[in-house]
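# What would the 3D arrangement of this be:
(2 chains)
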2 protein chains.
Amino acid sequence: MSILVVGSVAFDNIESPSGTVENCLGGAATHFSLAASYFTDVRVIGVVGKDFTPEHEAVLTGRGIDTRGIEHADGLSFHWTGSYVKNLNEAQTLGTDLNVFQAFDPKIPEAYKDSGFLFLANIDPVLQARVRSQMPSVRMVCGDTMNYWIADHAANLAKVLRELDVLLINDSEARMLAGESNLVVAANKVLAMGPKTLIVKHGEYGATAFFSDRSFPDVRATHPFRAPALPLAEVVDPTGAGDSFAGGFYGYLASQPELTPAVFRTAMFYGGVMGSFAVERFGTERLQNVSREEIEERFRLFKEISHLEYSGA
Amino acid sequence: MSILVVGSVAFDNIESPSGTVENCLGGAATHFSLAASYFTDVRVIGVVGKDFTPEHEAVLTGRGIDTRGIEHADGLSFHWTGSYVKNLNEAQTLGTDLNVFQAFDPKIPEAYKDSGFLFLANIDPVLQARVRSQMPSVRMVCGDTMNYWIADHAANLAKVLRELDVLLINDSEARMLAGESNLVVAANKVLAMGPKTLIVKHGEYGATAFFSDRSFPDVRATHPFRAPALPLAEVVDPTGAGDSFAGGFYGYLASQPELTPAVFRTAMFYGGVMGSFAVERFGTERLQNVSREEIEERFRLFKEISHLEYSGA
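Below is the predicted model of the structure:
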């Protein structure tokens, strides 16, 4: 089934120990869409400025992504400047220019209305809720958020959380949202806020899914599930790794006829796979050019590095 | 085969969010021995003072551990005071009284000489080397160390590292030893210092094994192996979790007739299992009283939470 994603399409200036890039295509919706496009049809809602050229749009349409929901506004696109020179595990934001994103009011094209899966990337929870309410009959809603909304927009975020089938956040966001340092206790508190299932991303250590008794009937489990990450000797650019994880995870889920525990677990592995590709090059370079064969090979590698049965390497 | 372990047998004062205990039996060799005792015969070399009573010794002998190598010296036993109130993931040391441990000169009883597996717990690398040299024909040597020896006793530690089949340390120790923040690069640098295989413990995120081309022929692998940890809603006392991991890992290895990749991976899972029990109660309380059935049940749980195939829970 098709995925509808709403979120940022942006340009990034990034410095990391591997070098520096300027004005490379980025944004949560971009990374998510590219990663998900290897598994299913993806439709994007976002807003860009005059600096977003047909060549930029071709990066998305070249992967079969439907960009009719990307609004072209006067002004410049959202622009983020960040550095990983001091810490590869956490971006230091040097500048955020919202530009046309400041007045973003997501509109859902009629052709998108039959999307079965909705992904609410990290944007203002007011906008997330607005999109959600216009897609009442989607099969699944998955969402992301960040420390800024958790700290300063709690009431708005609370409304979104109640509508989510899956919330995807990282360790520090889960602990912050729950006000609790133990991850299991924090996860249970977050699940009590609404999300039926919670996936906590641990960066280089993988990700853990926690299930509530309201999780999809066929996936519901007493115990969490832990998916590995691939130990990498070089991380060129971590920007978008979490969105790429979400894209691989949700893209695989949406591509499957049935939602079973094995499908859910496999989706988490594909999330890790797409995240591991994303960080190998600056911006979207690697996600644009990975092959389905490379994805399958890396999926086998993820199994190889985490399963007791050894198949040889 | 039997394991010979040399290390500290101590008393601990511990405070954690769950409470406070005084003078509870601790020390690396104690935690290691108890964890390993569920899998194979264990022999301990250490030194204790007059405060170490027959009741304390019975904790070890009650698990079938050979304590003939524990020397009884005049004075008090090694005493450690630590707190986890501020951070459950890292002990804050409030006091270290070496006492009789200061003059520790490990002597290997004749009856221990046929031990097939040697574990050098975290002690002065000079002592680790001395014990190693007296056990020239052991089948395998595994060792631990800590930031203090890495920072201030590098030359002595370097000699020990060259003798190790397996080095077991945590993330920050691996990064410190290599002077490198990327874990894969750090692991390769550490392997170049001598250990044939490196296991890096990630606390609540599990552990990763890195193999060199000098790793045991049957275990050698191109890719690392990642074992999970169990997400726990309450960690009462993390003291000795790493030593319990080592005991479960090494105990299982020593109990197996052959060293295969599957055996090595299974050993890492048992390491996680024993670490997860250790932290459930203060001191050695849980490790003294766990049943073999509980160990097997938790092993199945570790597989359940990390493997794609879902068996139901």
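# going forward, measure contacts and count neighbours with C-alpha atoms only.
Will do.
# touching chain B at all, stretch A:212-223?
Yes - Stretch A:212-223 lies within reach of chain B by CA under 8 Å from any CA of the partner chain, at A:Ala221, A:Thr222, A:His223.
# swap in stretch A:157-173?
No - Stretch A:157-173 stays clear of chain B (CA under 8 Å from any CA), getting no nearer than 11.3 Å.
# okay, how far is it across that stretch, tip to tip?
13 Å (CA to CA, to the nearest Å).
# Would you indicate which residues of that stretch are buried?
A:157, A:159-161, A:163-173 (16 or more other CA atoms under 10 Å in any protein chain shown).
# Could you give the separation of it from the chain centroid?
12 Å (CA atoms, centre = their mean, to the nearest Å).
# contact partners of that stretch?
A:125-126, A:128-129, A:132, A:140-147, A:149-150, A:183, A:193-203, A:215-216, A:246 (CA atoms under 8 Å, 6 or more residues apart in numbering or on different chains).
# of the residues you listed, buried ones?
By neighbour count, with 16+ other CA under 10 Å, those hold A:125, A:128-129, A:132, A:140-146, A:149-150, A:183, A:193-203, A:215-216, A:246 as buried.
# Would you point out which residue of the stretch 51-200 of chain A is nearest chain B?
A:Val184 (4.9 Å; CA to the nearest CA).
# I'd say that residue and B:Val235 touch.
No - look at A:Val184 against B:Val235 with CA atoms under 8 Å: they stay out of range, at 10.6 Å.
# Show me the helices in the stretch 1-150 of chain A, by range?
Per DSSP state H, counting those that start in this stretch, the stretch 1-150 of chain A carries helices over the ranges A:28-36, A:54-61, A:125-134, A:147-152.
# Would you convert the ones you listed into JSON lines that also reports mean pLDDT and distance to chain B?
What follows is the helices of the stretch 1-150 of chain A, written out as JSON lines (pLDDT from 0 to 100; distance: least, CA to the nearest CA, whole Å):
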{"stretch": "helix A:28-36", "mean pLDDT": "98", "distance to chain B": "20"}
{"stretch": "helix A:54-61", "mean pLDDT": "98", "distance to chain B": "31"}
{"stretch": "helix A:125-134", "mean pLDDT": "97", "distance to chain B": "29"}
{"stretch": "helix A:147-152", "mean pLDDT": "95", "distance to chain B": "21"}
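# winner for burial among these?
When the helices of the stretch 1-150 of chain A are scored by mean count of other CA atoms under 10 Å in any protein chain shown, the highest mean neighbour count falls to helix A:28-36 (a mean of 31).
# and the angle from it to helix A:54-61?
Helix A:28-36 runs at 50 degrees relative to helix A:54-61, counting by axes from the mean of the first three to the mean of the last three CA atoms, to 10 degrees.
# Quick one: distance of helix A:28-36 to the chain centre.
7 Å.
# now do stretch A:190-207
12 Å.
# neighbouring contacts of it?
A:89, A:158, A:161-171, A:174, A:177-178, A:187, A:208-216, A:226-231, A:242, A:268, A:272, B:205.
# can I get the CA coordinates of it in CSV?
The C-alpha trace of stretch A:190-207 is given here as CSV (Å, rounded to 0.1, in the frame of the first residue of the first chain):
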residue,chain,number,x,y,z
VAL,A,190,5.2,6.8,26.7
LEU,A,191,2.9,3.9,25.7
ALA,A,192,0.4,5.1,28.3
MET,A,193,0.3,8.5,26.5
GLY,A,194,-1.2,6.9,23.4
PRO,A,195,1.1,5.3,20.9
LYS,A,196,0.2,1.6,20.6
THR,A,197,3.8,0.6,19.8
LEU,A,198,7.0,2.5,20.6
ILE,A,199,10.3,2.2,18.7
VAL,A,200,13.3,3.7,20.5
LYS,A,201,16.3,4.2,18.3
HIS,A,202,19.7,3.7,20.0
GLY,A,203,21.9,5.0,17.2
GLU,A,204,25.0,2.7,16.8
TYR,A,205,23.4,0.2,19.2
GLY,A,206,20.2,-0.5,17.2
ALA,A,207,16.6,0.0,18.2
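# State the mean pLDDT of it.
If you average the pLDDT over stretch A:190-207, you get 97.
# Could you do stretch A:252-261 as well?
94.
# Next one: it, is it in contact with chain B?
Yes - applying CA under 8 Å from any CA, one finds stretch A:252-261 touching chain B at A:Pro261.
# need the helices for the stretch 201-313 of chain A, in chain order.
Counting by DSSP H, counting those that start in this stretch, the helices of the stretch 201-313 of chain A are A:241-255, A:261-278, A:285-289, A:292-304.
# Check which helices and strands the last one is in contact with.
Contacts of helix A:292-304 with other secondary structure elements, assessed using 3 or more CA pairs under 8 Å, 6 or more residues apart in numbering or on different chains; DSSP states H and E, are made with helix A:261-278.
# The same query, at a cut-off of 10 Å, please.
With contacts taken as 3 or more CA pairs under 10 Å, 6 or more residues apart in numbering or on different chains; DSSP states H and E, helix A:292-304 sits against helix A:261-278, strand B:225-227.
# Enumerate the beta-bridge partners assigned to the closest residue to chain B within the stretch 151-300 of chain A.
Closest contact between the stretch 151-300 of chain A and chain B, by CA to the nearest CA, is at A:Phe225 (4.5 Å). Beta-bridge partners recorded for A:Phe225 (DSSP bridges): A:Ala209.
# Run through the residues that contact it.
For A:Phe225, the contact set (CA atoms under 10 Å, 6 or more residues apart in numbering or on different chains) comprises A:199, A:207-211, A:261, A:264-265, A:268, B:228, B:230-231, B:302-308, B:310.
# quick one: the closest residue to A:Glu57 other than its chain neighbours from A:Asn13, how far?
Closest residue to A:Glu57 apart from its sequence neighbours, by CA to CA, 6 or more residues apart in numbering or on different chains: A:Thr67 at 7.5 Å. From A:Thr67 across to A:Asn13, the span is 23 Å (CA to CA).
# Those two: which has the busier surroundings?
Neighbour count, other CA atoms under 10 Å in any protein chain shown: between A:Thr67 and A:Asn13, A:Asn13 has more, with 19 against 16.
# Distance of that one relative to chain B?
23 Å (CA to the nearest CA, to the nearest Å).
# That residue contacts A:Tyr84, doesn't it?
No - contact criterion CA atoms under 10 Å: A:Asn13 and A:Tyr84 do not qualify, at 11.3 Å.
# quick one: pLDDT of the nearest residue to A:Ala221 once chain neighbours are set aside?
In space, A:Ala221 comes closest to A:Phe211 once its chain neighbours are excluded; the distance is 6.0 Å by CA to CA, 6+ apart. We have a pLDDT of 95 for A:Phe211.
# contacting residues around A:Phe211?
A:166, A:187-188, A:191, A:195-199, A:219-225.
# Quick check: which ranges of chain A have low pLDDT?
Counting by pLDDT under 70, chain A has low-confidence residues at A:217-218, A:312-313.
# rerun that using 90 as the cut-off
A:86-90, A:213-223, A:309-313 (pLDDT under 90).
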